[in-house]
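In: Return atomic coordinates for the entry below.
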Amino acid sequence: MPSSSRAPQAVPSASATPAPSSPPPSESFLSELDGTAPSVLDTSGEFQWDVGTSGHGLNLVSWKKGVEEGDEVMDKRGFYAISTVLNHPTKKANPLRTSRKPLPPLGPAPPVPRPPPASHFDTYLKAVTPLYDTLVQSRAAADAAPSDVLTGAFDNQAPAPTDLPPLTSVPDLFYSRNFDLADPAIWSQVVEAGPSRTHSTNVQDDLSSHLDTLERHLIHEITLRSTSFFSALSNLQDLHSESASCLRRIADLQSGLREVGDKQARKGLTILDKMEDLRVLRVTEQGMEELREAEEVMAVARSQVEGGDWAGALGCVGDVVRWWERHRPKEETEPPDPNDEGEGTQHPLPLATLPSLSAMPLAISDLTTQIALQLESALQSYLLSTLSSAELDVPYDKERFRDHVVPIVEGLVRCGAGDAVEGVWREVVTLAVREGSRKHLPVAQGEDEGDENVPQEMRGATLAGALKSMDHSRYLLLATQMYSSILARLRLAQTIGPDLSSILTSASPLPPLQIRSFVPSDPITTDQPSLSIDQTEIIAAACELGNLRASKILAVRGEQHAGLGINEFVELFKENWEFVLATEELAGRMIASLRGVTASQARTFLIAYHSQRLTKSAKLVEEEQWNQIDVSPAMQHSVNILIEAAVSDPSECFIPPRPPLANGHVNGEGGPSKTMDVEEKKFFVVRATAESIGLLRDYLGVVVNLEVVVTDVMGRIIEFLKSFNSRTCQVVLGAGAMRSAGLKNITAKHLALASQSLSVIVALIPYIREFIRRHLSVKQAVMLTEFDKLKRDYQEHQNEIHAKLVAIMSDRLAVHVGSLRDIDWEATPEKDAPRAYAELLVKETATLHKVLGKYLASSTVEAVMSEVLAAITHRLSEEYSRIELKSDDAKKRLMQDAALITARLTPLSEAGKTVSSLEVLVKDKPVPRKNIIGNLLKRGKKDGAAAAVAGGQAAEVEEEEYDDGDEDGEVTPSAPAQPNGT
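Out: Numbers count the residues shown, from 1 in each chain. Got it, this is the predicted structure:
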């Protein structure tokens, strides 16, 4: 741009400037309607410039005030930009607030940033200072030059007019946005608003006057802003000239470059192209050589796989995989492969993308699969041989195991078959358990799966027959060896499993030997998942398999085991149960197969065991003669064991027996005793009761050694005691012993011994109940109420036996009362003594008391005798009340009978005092006063008849024998009692 344009703007002179001519009416009118002309009100009163007819000589660029000039310069210049000229003239300011409410309080003022230090502007000042110095020098030179060029053109101009008519002289109608003279309504308003309405010329003059006013104001406003407009126009022209100069310079440069390219650059490019072609040929030759090497390595890998050299094959496959990684295209964001360490940079040719190598990934996959199969077979063989050595007592060598297994596991992981290690281990453990159970079977071909000619059903039947035909000792040896073999293998497997899992986990970070796809979208993963073995599940499955196979073998001999003795069965049961518990401990959970079969056979054995003892007890009771026996030390020892069992399990009940405690009872000490002692209580027993207690003792051994069937044993014990109770009552109360044992009759002694037999069982029931309770769980303890019911049944039958004793005496009393009724009290007896009925009644009652006192407890004797004496007293009182005494001699004879009965029966019971009421009754009986001679005659006639009757009714009763009689209570003297059909 010329230097004259950069000179500072001189202030125009204040000489008068001729008024510009008015623009055409249409232009002035439309400018007003468009609203682009600024209002006169906005600029009235401002400083007005006198603009000449020509703008030549004005500097329209340098209207900005200088750095050294103050604000006063701006006020004098009246600088306006083009945007100011284009502003809307009628734009109004924002209205005032309509609300008088106070504004919300202002927030805290933002913190004033600290000014930077003076050194912060050093760089800027260094860059600006030269430019500023140049500006100062330019302005100084411009001030020294003459200013005639700028001011001479404006000296003769007249000042701007100052008599502009006000805009208010134009009606507001003309300022409306909708002003249109074609609108009839607006036209009528314009016509009416004129000063004269008589002639149309007046209207036209008014409109012309309004237009002139507006045009003058518009011209004045444009004049005020023309300086800025022409300055911008000059700037645009300078820019246009500079742009044209630049375009010419660019064209010259392009022509020069074309000349240089034609003469020099093209020859150099040709040389570079030939050099690139040579490089490509060399790279291609190198690629072909590497393809040949890859093919040779693949051939070597195939031959090693076929020869079983899996270690060498893995090395060759690894070389091929690394070759592939070097020659496949990679993404920019793909991390480097750790397998490429020491192999150099990536090959410039992506050989992996060649169609001829498209089958290589599949070939590598086939090779790794074949190697993995060989490794799995080798690992399975070694692990199976290791587990098989568990029975040889060979110690497990951990280091040797790791040295052999680590290379195999690492090879499987590199082949991508690391997860197959768990499957191999599971199969090995399963095969070891199967082999451990199969090798001890009596028929080897029984489970030989390789023999296709023999059906499976026939092989199973042959094995079952061989197992059934074995004797118990041989089968026990088989079971012991089989369980020992399986447990040894399982325990060794539990030891090896964690080591194998640790080896697999350590080898899991190894990258697999596989060729990754070169598709860019294919995800690339460098982290390998950690591999491990679920040892718990594998051992648990193996334990379940061992239990299942053992349970099938055990179930075949169910019938044979049911007939074993307690010692043999407990020995077999313990072998089975110890194996069950050991395998459950290894598995960490319950295994139901062998446990269920063992418990089932224990219940079957218990049924047969109980049936034998139930039959033997019933036979003992039925054949019992009901004679007291001496209690041997062995019998007493059985009772002592039952008592001891309430607190702890007796050592004699264990199989094999444990050594007895220091304070324990020893079987066979001392001699026989008359009674059986249950702690402080003594009981007379018969042989059936003593031996039944011995049979009851055998059930303790079943509970102690076979706790799995404790609830079943409790039911069998209750059934055994119920059977003993019912059999005892049947043979004694129902006179069954008269048929089964050949007894002539049932005596008071038999009844008393039967009561004692029930009493000793009642005394032992609480100890048996407590023994069973100790072996039951809390939930099963509710079943103990059956013992309470059983005890009540025994006590009820005891009461029935005691009632039978009272009934016998009642029957005898009825016989004696019949004799009493036939006595003639007025007749004179042959001897002065009590009558025969009284003597027999007293003798029989005393004999009963003697028998009961010998065998029964004093409380029981007191209870029975009190009922007997009460019945005698009541019945004789009734009979004595019916007797009519006609003389004092008759009363004296009756008084002798009453005195005898009272004297002999009163000491037999505490309730015997009531017998003395008979004497009182006889004493109080009245005697009528009658003719003595007549009475003597009557008595003489009846003496013979009375003596005959008394002699016929006197029956001899043995000391300890009483017949239960028939339903009428009659007995036949000196004849055996016959059963009444019960």
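
In: Tell me the spacing between the residue positioned nearest the centre of the chain and Leu548.
Out: Residue closest to the mean C-alpha point of the chain, counted by CA atoms, centre = their mean, is Arg589 at 15.2 Å. Arg589 is 15 Å from Leu548, where distance means CB to CB, to the nearest Å. Bear in mind the C-beta positions are built from the backbone N, C-alpha and C, glycine included.

In: can you check Lys913 too?
Out: In terms of CB to CB, Lys913 sits 79 Å off from Leu548.

In: Specify which residue of these two has the higher count of neighbours.
Out: Leu548 (16 against 12; other CB atoms under 10 Å).

In: what's the neighbour count on the nearest residue to the more buried one once chain neighbours are set aside?
Out: Leaving out its chain neighbours, the residue that sits closest to Leu548 by CB to CB, 6 or more residues apart in numbering is Ser593, at 4.6 Å. Other residues lying near Ser593 total 19 when counted by other CB under 10 Å.

In: again, but for the one 4 residues further on
Out: In terms of burial, Val597 registers 21 neighbours under the definition other CB under 10 Å.

In: doesn't Arg557 make contact with it?
Out: No. Contact criterion CB atoms under 8 Å: Val597 and Arg557 do not qualify, at 10.4 Å.

In: tell me the SS of Ala488?
Out: helix (DSSP: H, G, I helix; E, B strand; the rest coil).

In: In contact with it, which residues?
Out: Going by CB atoms under 8 Å, 6 or more residues apart in numbering, Ala488 touches Ala390, Glu391, Gly436.

In: same deal with Arg402?
Out: Asp499, Ile503.

In: Assign it to helix, strand or coil.
Out: Arg402 - assigned by three-state DSSP - is helix.

In: Please report the distance of it from Val782.
Out: 57 Å.

In: The nearest residue to Thr675 once chain neighbours are set aside: how many residues sit nearby?
Out: Nearest residue to Thr675 in three dimensions, chain neighbours excluded: Lys682, at 3.9 Å (CB to CB, 6+ apart). Per other CB under 10 Å, the neighbour tally for Lys682 reads 15.

In: related to what we said a few turns ago, just checking, the residue nearest to the centre of the chain is part of a strand?
Out: No. Assessed with three-state DSSP, Arg589 is coil; it does not lie in a strand.

In: wait, what's in contact with it?
Out: Here Arg589 is in contact with Ala540 (CB under 8 Å, 6+ apart).

In: Backbone torsions only: list them for it.
Out: Backbone torsions of Arg589, given as degrees, to the nearest 10, read phi -160, psi 170.

In: Ok, the one 4 residues further on next?
Out: With angles defined as degrees, to the nearest 10, Ser593 sits at phi -60, psi -70.

In: Does it touch Ser551 like I think?
Out: Yes. Contact criterion CB under 8 Å: Ser593 and Ser551 qualify, at 4.4 Å.

In: Cys246 and Asp252, how far apart?
Out: 11 Å.

In: Equivalent analysis for Lys886, please.
Out: From Lys886 to Asp252 the distance is 190 Å (CB to CB).

In: More neighbours: the two, which one.
Out: Between Lys886 and Asp252, Lys886 has the larger neighbour count (other CB under 10 Å), namely 16 against 10.

In: So that one: helix, strand or coil?
Out: coil.

In: Excluding sequence neighbours, find me the nearest residue to it.
Out: Glu826 (5.7 Å).

In: sec struct for the one you found, please.
Out: coil.

In: ok, it - how many residues close by?
Out: Applying other CB under 10 Å, I find that Glu826 has 19 neighbouring residues.

In: Distance of it relative to Leu918?
Out: Glu826 is 20 Å from Leu918, by CB to CB.

In: Please apply the same query to Arg434.
Out: Arg434 is 93 Å from Leu918, by CB to CB.

In: now swap in Leu776 and tell me
Out: In terms of CB to CB, Leu776 sits 58 Å off from Leu918.

In: Would you map out the domains in this structure?
Out: 3-88+123-242, 273-357, 360-556, 592-800, 823-953 (automatic domain parsing).

In: Is Phe771 in contact with Glu644, as I believe?
Out: No. In this structure, Phe771 is not within contact of Glu644 by CB under 8 Å, at 9.1 Å.

In: more crowded one of those two?
Out: The residue with more neighbours, out of Phe771 and Glu644 and counting by other CB under 10 Å, is Phe771; that gives 27 against 20.

In: does the more buried one sit in a helix or strand, and which one?
Out: helix 748-774 (DSSP states H and E).

In: Just the buried positions in the next helix or strand after that helix, please.
Out: Going down the chain from helix 748-774, the next helix or strand is helix 785-821, by DSSP H and E. Neighbour counts over helix 785-821 (16 or more other CB atoms under 10 Å) mark 786-787, 790-791, 793-794, 797-798, 800-802, 804-813, 815-817, 819-820 as buried.

In: do the same with stretch 848-860
Out: Leu848, His849, Val851, Leu852, Gly853, Tyr855, Leu856, Ala857, Thr860.

In: Alpha carbons of it, in CSV - could you do that?
Out: Extracted in CSV, the C-alpha atoms of stretch 848-860 (Å, rounded to 0.1, in the frame of the first residue of the first chain):
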residue,chain,number,x,y,z
LEU,A,848,-50.9,-117.1,101.8
HIS,A,849,-49.2,-114.5,103.9
LYS,A,850,-46.2,-116.7,104.4
VAL,A,851,-45.8,-117.4,100.6
LEU,A,852,-46.2,-113.7,99.7
GLY,A,853,-43.9,-112.6,102.4
LYS,A,854,-41.2,-114.9,101.1
TYR,A,855,-41.3,-113.8,97.5
LEU,A,856,-42.8,-110.4,97.3
ALA,A,857,-41.9,-107.1,98.7
SER,A,858,-43.4,-106.0,101.9
SER,A,859,-45.4,-103.2,100.3
THR,A,860,-46.8,-105.6,97.8
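
In: which residues make contact with it from outside it?
Out: Residues contacting stretch 848-860 (CB under 8 Å, 6+ apart): 628, 684, 747-749, 752-753, 755-756, 759, 802, 805, 808-809, 861, 864-865, 868, 908-909, 960, 962.

In: One more: stretch 469-478?
Out: His440, Leu441, Pro442, Leu467, Arg557, Gln560, Leu564, Glu568, Glu571, Leu572, Glu575.

In: before we move on, what about stretch 757-766?
Out: Counting by CB under 8 Å, 6+ apart, 639, 642-643, 646, 676, 678, 681, 683, 685-686, 688-689, 693, 696, 721, 724-725, 728, 787, 790-791, 794-795, 797-798, 801, 857 sit against stretch 757-766.

In: Okay, buried residues for it please.
Out: Ser757, Leu758, Ser759, Val760, Ile761, Val762, Ala763, Leu764, Ile765.

In: Ok, stretch 211-218 next?
Out: Leu211, Thr213, Leu214, Glu215, Arg216, His217, Leu218.

In: any idea of the mean pLDDT for the helix or strand where Leu876 lies?
Out: Element membership of Leu876 [criterion: DSSP H and E] is helix 858-882. In this model, helix 858-882 has an average pLDDT of 89.

In: next one: stretch 675-689
Out: Rounded mean pLDDT across stretch 675-689 is 90.

In: Buried residues, that stretch. List them.
Out: Thr675, Met676, Val678, Phe683, Phe684, Val685, Val686, Arg687, Ala688, Thr689.

In: Check stretch 363-372 too.
Out: Ala363, Ile364, Leu367, Thr368, Gln370, Ile371, Ala372.

In: chain center to that stretch: distance?
Out: Here stretch 363-372 is found 42 Å from its chain centre; the criterion is CA atoms, centre = their mean, to the nearest Å.
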